[in-house]
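Q: I'd like to go over a predicted model; first the sequence, then the structure.
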Number of protein chains: 4
Amino acid sequence: MKYAILFAGILLMAFTSPQKKKKVVFFGDSITQAGVNPDGYITKMDSLIKAEGQSANYELVGAGISGNKIYDLYLRVENDVLSKNPDVVVIYIGINDVWHKASSGTGTDLPKYIQFYKALIKKFTDKNIKVIVCTPTVIGERNDNSNQQDGDLNQYSKVIRSLADEFKLPLVDLRNAFAGYLQKNNPKNEEKGILTTDRVHLNNAGNLLVAQEMWKVIKQ
Amino acid sequence: MKYAILFAGILLMAFTSPQKKKKVVFFGDSITQAGVNPDGYITKMDSLIKAEGQSANYELVGAGISGNKIYDLYLRVENDVLSKNPDVVVIYIGINDVWHKASSGTGTDLPKYIQFYKALIKKFTDKNIKVIVCTPTVIGERNDNSNQQDGDLNQYSKVIRSLADEFKLPLVDLRNAFAGYLQKNNPKNEEKGILTTDRVHLNNAGNLLVAQEMWKVIKQ
Amino acid sequence: MKYAILFAGILLMAFTSPQKKKKVVFFGDSITQAGVNPDGYITKMDSLIKAEGQSANYELVGAGISGNKIYDLYLRVENDVLSKNPDVVVIYIGINDVWHKASSGTGTDLPKYIQFYKALIKKFTDKNIKVIVCTPTVIGERNDNSNQQDGDLNQYSKVIRSLADEFKLPLVDLRNAFAGYLQKNNPKNEEKGILTTDRVHLNNAGNLLVAQEMWKVIKQ
Amino acid sequence: MKYAILFAGILLMAFTSPQKKKKVVFFGDSITQAGVNPDGYITKMDSLIKAEGQSANYELVGAGISGNKIYDLYLRVENDVLSKNPDVVVIYIGINDVWHKASSGTGTDLPKYIQFYKALIKKFTDKNIKVIVCTPTVIGERNDNSNQQDGDLNQYSKVIRSLADEFKLPLVDLRNAFAGYLQKNNPKNEEKGILTTDRVHLNNAGNLLVAQEMWKVIKQ
């Protein structure tokens, strides 16, 4: 009898334990806002998860707002992320911080970017939420560092790699992944159309690449 | 005996209660950072208070940091203001939000300025801290609306007047006060030297004008 | 007989001499490029001229290119204006010089604007072409100096008024005319829709106002 | 007798003709303005020429003005270069065209940069003046494409290489030379101090490198 009960208990655990899904919130800008669209990277990641038979283990939640910069994330972190009690937060921000310098004079100085990024990380680690950070992707797809914002994007990416190192956070190096892809797949050195539709926002291939890169890190 | 003691107690309260000074924190940028200097507006206000025999009633605290914009105040509100348990906070911010658009491409879009301003007000009113708001002063002292940022500063000022109205907050209309002063005292339409040393940072007369305008509102 | 012939000769001159039309070239940006459209200000001026029975005396020629700043006019002055041997040139430029500072970081510094403007005037006066200068109109139609670029536009306008004075050139003070019109006709202080479609480009009323203001000066 | 005189005349020409120095004008911005200083690149080139015993063959003339962009060169080409009847012009411009986008909102759009560059080349080739073009050096000396303007500088450099190709002009690829030097000599990836004093203006080593690179091309 004793053995039978024990066995039943183990069985029960085996079935109920996976039911507690990991809630992953994606915190970012317009790319993340579009991430929940049928072709978006969050939707694509959900398909990858299904294909690997892991659907019972992950719940993916989009929290992207168009035009957001690092300080916008900080302003809405309580309402849009902490209130959802996530297990994991993926921070994917920085394109507008760089881009808006040229397009409207309202980008974010690098020291302020770092300051807010650290404050944001602290908000999550204080609540034992796992933080995954991402380098920004691209503003223009030319593969020879000749897009107007390449210097700045490279510098902001270096900073995020340092933050990952300093705070022991998993890193999704999207900028690096995009650079590698564009080396191989952009022989005419086009500005757009390989991974983006308009130099910034992701097309189907871009969404798939982001989904794959993030998923590799999330599932670890 | 009992009565005597009680009487003494009441007397003590009558004399000590005014001793509880009102703590006023000035929350802003480099102008406020310099406000505690010997010639700064906070120091000058302290002298005005002494002259009116009100020293026992007010404690003035500077909380200005050079280069700050509205979102920088939001980031440091807990550490630099709430932690000090003020009775009153005077918010004087906006010049860098406008100026940095042209000088480094890192100003603040008006909708974001409003969003953070409201969030900051809420932080204070939630704790029953009285909030006093100020319109930004000047970037250039020409008195015919021909300084590069005049349009933007006028618009940000209108927004602050609206916020004062919406949230029933006392308003120190510094921009208006400066405009009036410069109409009378800048006959050659100079860019600087009347109320500022360099188009932005206050000289002696500028610090005095700010001290007077703020004090009129604070003492009400 | 002799007298009769002489008389006929004089009569002939009286009729033929006005047949030599004054050629007026309008030199500017997208507003001038659109000026030759059915609703454009050049087309409207042509109608005003017809209505006054002066069609035989004026030939109006558009020479506007979208996005142009003062230095673009200087670059194409030979090909696009001098080659046409005009009697009069109307220079209407400055909006992009101011606007592009904020929209793409490629506006024109005021000292350079003045330098090129003077060089352009010299190109025309050297060939005895009459020069008429115009102040820039608007970037935003709010009538209380609260449009972002109002300060800059006011300053560039002051400079053009000074140039008119210095070089004894007729001035069409479009900025002033627009300000007067918007004081009367923009009671809700809208950003656009009174004289422009989009804060900058002229609607029907805007084109008519420009046509009237310029024509008053040209016909003198 | 006649023949003897003729022969003497020919001999004389053969010896005097090399005495006609090649006049080389350096046309650029503050770096070129400082080029004639004791440590400047033009002064250093003069020393290189002396060391090679070629002083009799070259006259070097500086024509740099601080803050200049491509269109400023175009504006002053007659007065500052053509009037000097040079044999060779070295065009070294582009840093401010890129830099001023971020520092004052008054940089130069790439298509306008190309347009003015071509117009400038034509001014010289029309007069049979040999044109040598240079790619811009650096704004920041980090060697991993992480200086803010690296993307833009790379793109403007590509354009100049294309112009050299299109118009068959000798090219001094300064950007490439600086990149190579900084790969070897900037192991700590500093922003300044290797070839510049302040990220842009050349120190002794920077002036020497420019002098050497230009001289290699000029003497061909």
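A: Nice, I can see it.

Q: near chain D, which residues of chain A show up?
A: For chain A, the contact set with chain D under C-beta under 8 Å from any C-beta of the partner chain comprises A:101-102, A:105, A:140, A:144-155, A:158. Glycine gets a C-beta too; all of them are placed from N, C-alpha and C.

Q: The same query, at a cut-off of 10 Å, please.
A: A:98, A:101-102, A:105, A:107, A:110, A:139-140, A:142, A:144-159, A:189 (C-beta under 10 Å from any C-beta of the partner chain).

Q: Separate out the buried members of those residues.
A: Buried members of the residues of chain A next to chain D, counted by 16 or more other C-beta atoms under 10 Å in any protein chain shown: A:98, A:101-102, A:105, A:107, A:110, A:139-140, A:142, A:145-159.

Q: Report the entries of those that also contact chain C.
A: A:K101, A:A102, A:G105, A:Q148.

Q: tell me, which of the residues you listed make contact with chain B?
A: Intersecting those with the contacts of chain B gives A:K101, A:A102, A:G105 (criterion: C-beta under 10 Å from any C-beta).

Q: who's in contact with the last one?
A: If you count contacts by C-beta atoms under 10 Å, 6 or more residues apart in numbering or on different chains, A:G105 has them with B:98, B:100-109, C:101-105, C:148, D:102, D:105.

Q: how near is A:G94 to D:V36?
A: A:G94 sits 43 Å away from D:V36, going by C-beta to C-beta, to the nearest Å.

Q: The two: which has the busier surroundings?
A: The neighbour count for A:G94 versus D:V36, taken as other C-beta atoms under 10 Å in any protein chain shown, is higher for A:G94 (28 against 17).

Q: Not counting its neighbours along the chain, what's nearest the more buried one?
A: Nearest residue to A:G94, sequence neighbours excluded (C-beta to C-beta, 6 or more residues apart in numbering or on different chains): A:P136, at 3.7 Å.

Q: what's the helix or strand for the one you found?
A: Following DSSP states H and E, one finds A:P136 outside all helices and strands.

Q: and it, how many neighbours?
A: 27.

Q: Could you do A:K20 as well?
A: Around A:K20 there are 10 other residues, counting by other C-beta under 10 Å.

Q: before we move on, what about A:S66?
A: 12.

Q: Just list the residues touching the closest residue to it other than its chain neighbours, thanks.
A: Nearest residue to A:S66, sequence neighbours excluded (C-beta to C-beta, 6+ apart): A:S30, at 3.8 Å. Contacts for A:S30 (C-beta under 10 Å, 6+ apart) come out as A:G64, A:I65, A:S66, A:G67, A:N68, A:I95, A:N96, A:V200, A:H201, A:L202.

Q: Get me the contact residues on chain A for chain B.
A: So chain A meets chain B at A:67-72, A:74-76, A:97-98, A:100-113, A:115-116, A:119 (C-beta under 10 Å from any C-beta).

Q: The same query, at a cut-off of 6 Å, please.
A: Within chain A, the positions near chain B by C-beta under 6 Å from any C-beta of the partner chain are A:Y71, A:K101, A:G105, A:T106, A:G107, A:D109.

Q: For the spatially closest residue to the last one that is not a sequence neighbour, give its distance to B:R199.
A: It refers to A:D109. Leaving aside its chain neighbours, A:D109 sits nearest to B:T106 (4.8 Å; criterion: C-beta to C-beta, 6+ apart). Look at B:T106 and B:R199: by C-beta to C-beta, they are 19 Å apart.

Q: Mind checking which of those two has more residues around it?
A: Neighbour count, other C-beta under 10 Å: between B:T106 and B:R199, B:T106 has more, with 24 against 19.

Q: Can you report phi and psi for that one?
A: Dihedral angles phi and psi of B:T106 (degrees, to the nearest 10) take the values phi -130, psi 40.

Q: correct me, but it touches A:P111?
A: No. The criterion here is C-beta atoms under 6 Å, and B:T106 misses it with A:P111 at 10.3 Å.

Q: Run through the bridge partners of A:G62.
A: Per DSSP bridges, the residues bridged to A:G62 are A:F26.

Q: Quick check: pLDDT value at it.
A: At A:G62, the predicted lDDT confidence score is 98.

Q: Same question for A:K20.
A: At A:K20, the model reports a pLDDT of 86.

Q: do the same with A:K2
A: Looking at A:K2, its pLDDT reads 44.

Q: Please apply the same query to A:T106.
A: Note on A:T106: pLDDT of 98.

Q: thinking again about what came up before, identify the farthest-apart pair in the ones next to chain C among the buried ones among the residues of chain A next to chain D.
A: Spanning the widest gap among those are A:G105 and A:Q148, at 14.8 Å by C-beta to C-beta.

Q: Next step: the residues of chain A next to chain D restricted to helices.
A: Secondary structure from DSSP state H places A:98, A:101-102, A:110, A:150-159 of the residues of chain A next to chain D in helices.

Q: Tabulate the residues you listed (a markdown table), appending pLDDT and distance to D:A51.
A: Output for those, formatted as a markdown table (pLDDT from 0 to 100; distance: C-beta to C-beta, whole Å):
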| residue | pLDDT | distance to D:A51 |
| --- | --- | --- |
| A:V98 | 98 | 46 |
| A:K101 | 97 | 46 |
| A:A102 | 96 | 45 |
| A:L110 | 98 | 44 |
| A:D150 | 98 | 40 |
| A:G151 | 98 | 37 |
| A:D152 | 98 | 42 |
| A:L153 | 98 | 44 |
| A:N154 | 98 | 40 |
| A:Q155 | 98 | 41 |
| A:Y156 | 98 | 46 |
| A:S157 | 98 | 45 |
| A:K158 | 98 | 42 |
| A:V159 | 98 | 46 |
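
Q: Just the closest of the residues you listed to chain C, please.
A: For those, the residue nearest chain C by C-beta to the nearest C-beta is A:A102; the value is 5.3 Å.

Q: that older thread, tell me which of the ones in helices among the residues of chain A next to chain D is nearest to B:I42?
A: In terms of C-beta to C-beta, no member of these lies closer to B:I42 than A:L110, at 30.9 Å.

Q: What segments of chain A are strands?
A: A:22-28, A:58-64, A:88-92, A:130-134, A:171-172 (DSSP state E).

Q: So which of those is the most surrounded?
A: strand A:88-92 (a mean of 24; mean count of other C-beta atoms under 10 Å in any protein chain shown).

Q: With only the CA atoms kept, save it in CSV.
A: Presented in CSV, the C-alpha positions along strand A:88-92 are these (Å, rounded to 0.1, in the frame of the first residue of the first chain):
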residue,chain,number,x,y,z
VAL,A,88,11.4,36.3,-16.8
VAL,A,89,11.7,39.7,-18.5
VAL,A,90,13.4,40.2,-21.8
ILE,A,91,14.5,43.9,-22.3
TYR,A,92,14.9,44.8,-25.9
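
Q: and the angle for it with strand A:130-134?
A: 20 degrees (axes from the mean of the first three to the mean of the last three C-alpha atoms, to 10 degrees).

Q: just to revisit the earlier point, quick one: the residue nearest to A:G94 from chain D, how far?
A: Distance from A:P136 to chain D, counting by C-beta to the nearest C-beta, to the nearest Å: 13 Å.

Q: gap between the residue nearest to A:D173 when sequence neighbours are not counted and D:T137?
A: In space, A:D173 comes closest to A:T135 once its chain neighbours are excluded; the distance is 5.2 Å by C-beta to C-beta, 6+ apart. Going from A:T135 to D:T137 by C-beta to C-beta gives 28 Å.

Q: Over to A:G28?
A: When A:G28 is compared with D:T137 (using C-beta to C-beta), they lie 37 Å apart.

Q: in chain A, which ranges drop under the pLDDT threshold?
A: Along chain A, segments meeting pLDDT under 70 span A:1-19.

Q: give me the number of residues near A:K184?
A: 9.

Q: Ignore what I typed, I meant A:N128.
A: Per other C-beta under 10 Å, the neighbour tally for A:N128 reads 7.
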